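Engineer: fold the following.
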Amino acid sequence: MTTHVDELLPTAKDFMKKVAAVEAEEAAKQELAQAKAAAEKQALIDHLSKPSGISDDEAIRRAIAIINGAVSNRLTEVQVYRFPNELCTDRGRAINQAEPGWEKTLTGIPKEIFQLWDKYFRERGYKLRVEIIDYPHGMPGDVGMTLMWNDVDMNLSN
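Structural biologist: Just a heads-up that it's a prediction; the model follows:
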């Protein structure tokens, strides 16, 4: 009878080995997922740090489409871009501190968006708010660029 029970009932140590194997497999899956996410983020940063290659006219058309969508939803502002703080030369520190000259820390596409706003939209009454919009683990994370048209003088009389 003892041999039959030994074949039938594994020891507690055998079950602990199975638990350890399952935990190791799960840890390996999580490590692989984190590595994949990091690689995808780095690819995104590499892509966004290069010039977009679109003309000012095309960029303005895209902005108008975004603004029209927001206006049709009765909004007076819209987030036009969100990007990792790694696209700032100081990882968003100057933006977070609202330091003068923060715009000089922008690179790639975010820099193009700022320059487009500065060249065309600013003089037409649009505001651009650039701020850290999340704080993962208590540290500055992504940066949001919000275009606003709500501070415009609304006196429409002639």
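Engineer: what's the following helix or strand after the one helix or strand residue 18 maps to?
Structural biologist: Here residue 18 sits within helix 12-48, counting by DSSP states H and E. The helix or strand immediately downstream of helix 12-48 is helix 56-72, counting by DSSP H and E.
Engineer: list the strands paired with the next helix-or-strand element following that following helix, with their directions.
Structural biologist: Counting by DSSP H and E, the next helix or strand C-terminal to helix 56-72 is strand 77-83. If you go by DSSP bridges, strand 77-83 pairs up with strand 143-148 (antiparallel).
Engineer: between the partner strand and helix 56-72, how many degrees?
Structural biologist: Relative orientation of strand 143-148 and helix 56-72, computed by axes from the mean of the first three to the mean of the last three CA atoms, to 10 degrees: 70 degrees.
Engineer: what average pLDDT does strand 143-148 get?
Structural biologist: The predicted model gives strand 143-148 an average pLDDT of 96.
Engineer: coming back round to it: from the contact counts, what lies against the helix holding residue 18?
Structural biologist: If you count contacts as 3 or more CB pairs under 8 Å, 6 or more residues apart in numbering; DSSP states H and E, helix 12-48 packs onto helix 108-116. The C-beta positions use only the backbone N, C-alpha and C, and glycine is treated the same way.
Engineer: what comes into contact with the following helix or strand past the helix it packs on?
Structural biologist: Next helix or strand after helix 108-116 toward the C-terminus (DSSP H and E): strand 127-132. Applying CB atoms under 8 Å, 6 or more residues apart in numbering, the external contacts of strand 127-132 come out as 77, 85, 92, 95-96, 102-103, 114, 117, 121-122, 140-151.
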